[in-house]
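[1] 3D model of this:
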Amino acid sequence: MSAQPKSPVTLKDVAIATGVHFSTVSRALNPATRTLVKPQIAARIVETARSLGYRPNSLASSLRTKRSGVVGVVVPDMASLLFPPILEGIEHNLLKEGYMTIVANSANDPERHRRILAGMMERQVDGLIIASATLRDPILDEWLQGPAPIVLMNRTDEFGRAPAVLSDDIRGIGLAVRHLTGLGHRHIGHIAGPASLSTGAARLNGFLLACAELSIPEAKRPVVTAESFSREEGRKACITLLAQNPGLTAIVAANDMIALGCYDVFAQQGIVCPRDVSITGYNDSPFMDVVSPPLSTVRIHQRDMGLEASRILLARIAGEDMPGDILLRPQFIARQSTAAP
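    Got it, this is the predicted structure:
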């Protein structure tokens, strides 16, 4: 005869085992309220709960508190090397407060984005961090007045309808342009990201502003727009840029993947970097220091972006007003893909 399954351990069982009140056990086992309990008592309760095999009943807790304890995060490209450090920063803060995350990939598809947000709202997430917004994003209109607060990350929308955590892209691209002009380059092209995204638009604006400030003639600062922030679209844009500008000595790519697409073109066309053409990227994604040549790029503080986005979201969940955006200061990292012309 098979053994009967054990009944689940309850908060009452933990309270009896530790000799403290039920409400004290409840506070001690909730990361968001644990600080209300004396540290030595909280530690004893946590250890007792662990030894008894106590597992919180999330469904019961949700019914009682009207909160799911879950935050949704939407990214535009799950395969991008940009997002793992950002997601680690998000989880670092959320886990401390007892929240779990659901991460979904919009794949830059508006209909898929809409379905993901609808599904997360149906599951009653307590908040959303969205890294997949476009400048004129009609999908945001459907959810901004909903019960779950929203924070935008890495990208923002044209109207500033939700707080956003961003890298200062205008400053960042300016750092790349100034690095190249400091080496002596005066014919610098830009491969821009999609104009429908705040990152593409801001980095293009930063390129044009820096070139104007440095008195680079309009004819010597050509721009080609890539259809996406991908290696393949970077390759296509690079072919066009080089064909149209035979005297070009440097390229400012709107992100690292576009720069890697340029590396592919250099290899195909026998162009030696940086002897023939220098190039800079943007983001300082993982492994950009081990490609050949190691890529000079603009470093954005990815983990800090996740930390800030989750901090703001937690404040909004708690009912605090968090107006305005946060701009993180980027840093230029010089490596071996840039040299004097």
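[2] care to break the protein down by domain?
    The chain breaks down into these domains under automatic domain parsing: 11-56, 68-167+302-328, 169-300.
[3] what would those look like in a markdown table with mean neighbour count and mean pLDDT?
    The way it works is simple: take the backbone N, C-alpha and C, and place the C-beta from them, glycine included. Shown next, in a markdown table, are those (neighbours: other C-beta atoms under 10 Å; pLDDT from 0 to 100):
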| stretch | mean neighbour count | mean pLDDT |
| --- | --- | --- |
| domain 11-56 | 16 | 78 |
| domain 68-167+302-328 | 19 | 89 |
| domain 169-300 | 20 | 97 |
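[4] quick check: which of those domains is nearest to residue 341?
    Relative to residue 341, the nearest member of the domains of the chain by C-beta to C-beta is domain 169-300, separated by 4.1 Å.
[5] for the closest one, the distance to its chain's centre please.
    21 Å (C-alpha atoms, centre = their mean, to the nearest Å).
[6] going forward, count from 14.
    Yes, from this point I'll number from 14; that puts the last item at domain 182-313.
[7] and it, end to end?
    This stretch, domain 182-313, spans 9 Å end to end (C-alpha to C-alpha, to the nearest Å).
[8] looking at the domains of the chain, which is nearest to residue 348?
    domain 182-313 (3.9 Å).
[9] re the thing from before, kindly reformat the domains of the chain as CSV and extend each row with distance to residue 350.
    CSV is the format used below for the domains of the chain (distance: least, C-beta to C-beta, whole Å):
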stretch, distance to residue 350
domain 24-69, 44
domain 81-180+315-341, 17
domain 182-313, 5
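[10] residue 347 is nearest to which of these?
    domain 182-313 (5.1 Å).
[11] so how far is residue 274 from residue 206?
    12 Å (C-beta to C-beta, to the nearest Å).
[12] hey, what's in contact with both of these two?
    Both residue 206 and residue 274 are contacted by residue 239, under the criterion C-beta atoms under 8 Å, 6 or more residues apart in numbering.
[13] and the strands in the stretch 214-354 of the chain, which stretches?
    236-238, 263-266, 291-296, 309-312, 339-341, 344-346 (DSSP state E, counting those that start in this stretch).
[14] try the stretch 14-163 of the chain
    Using DSSP E, counting those that start in this stretch, strands in the stretch 14-163 of the chain cover 83-88, 113-118, 140-143, 163-166.
[15] among those, which is nearest residue 301?
    Taking the strands of the stretch 14-163 of the chain one by one with C-beta to C-beta, strand 83-88 is closest: 19.3 Å.
[16] residue ranges for the helices of this structure, please.
    Using DSSP state H, the helices assigned to the chain run over residues 24-31, 35-41, 52-65, 71-78, 96-109, 123-135, 151-154, 182-196, 211-226, 244-257, 269-282, 315-330.
[17] and the first one, what does it pack onto?
    Counting by 3 or more C-beta pairs under 8 Å, 6 or more residues apart in numbering; DSSP states H and E, the packing neighbours recorded for helix 24-31 are helix 35-41, helix 52-65.
[18] in TSV, list those helices along with distance to residue 29.
    What follows is the helices and strands packed on helix 24-31, written out as TSV (distance: least, C-beta to C-beta, whole Å):
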stretch	distance to residue 29
helix 35-41	9
helix 52-65	10
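[19] quick one: residue 94 and residue 297 touch, right?
    No. Look at residue 94 against residue 297 with C-beta atoms under 8 Å: they stay out of range, at 9.8 Å.
[20] what is in contact with the two at once?
    By C-beta under 8 Å, 6+ apart, the residues touching both residue 94 and residue 297 are residue 269.
[21] what's the span of stretch 237-249 from first residue to last?
    The first-to-last residue distance of stretch 237-249 comes to 10 Å (C-alpha to C-alpha).
[22] ah, wrong one, I meant stretch 43-59
    End-to-end for stretch 43-59, by C-alpha to C-alpha: 10 Å.
[23] quick one: residue 199 and residue 267, what's the gap?
    21 Å.
[24] bridged to residue 293, which residues?
    residue 265, residue 309 (DSSP bridges).
[25] of the strands of the stretch 214-354 of the chain, which is nearest residue 247?
    Short answer: strand 263-266, nearest of the strands of the stretch 214-354 of the chain by C-beta to C-beta, at 6.5 Å.
[26] OK, contacts around the closest residue in space to residue 220 that isn't next to it in sequence?
    In this structure, residue 220 finds its nearest non-sequential neighbour in residue 203, 4.4 Å apart by C-beta to C-beta, 6 or more residues apart in numbering. By C-beta under 8 Å, 6+ apart, the contact list for residue 203 reads 186, 217, 220, 234-237, 264-267.
[27] the same query, at a cut-off of 6 Å, please.
    Shown in contact with residue 203 (C-beta atoms under 6 Å, 6 or more residues apart in numbering): 220, 236, 265.
[28] rewinding a little: would you turn the strands of the stretch 14-163 of the chain into a markdown table with distance to residue 99?
    Rendered in a markdown table, the data for the strands of the stretch 14-163 of the chain read as follows (distance: least, C-beta to C-beta, whole Å):
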| stretch | distance to residue 99 |
| --- | --- |
| strand 83-88 | 8 |
| strand 113-118 | 10 |
| strand 140-143 | 9 |
| strand 163-166 | 7 |
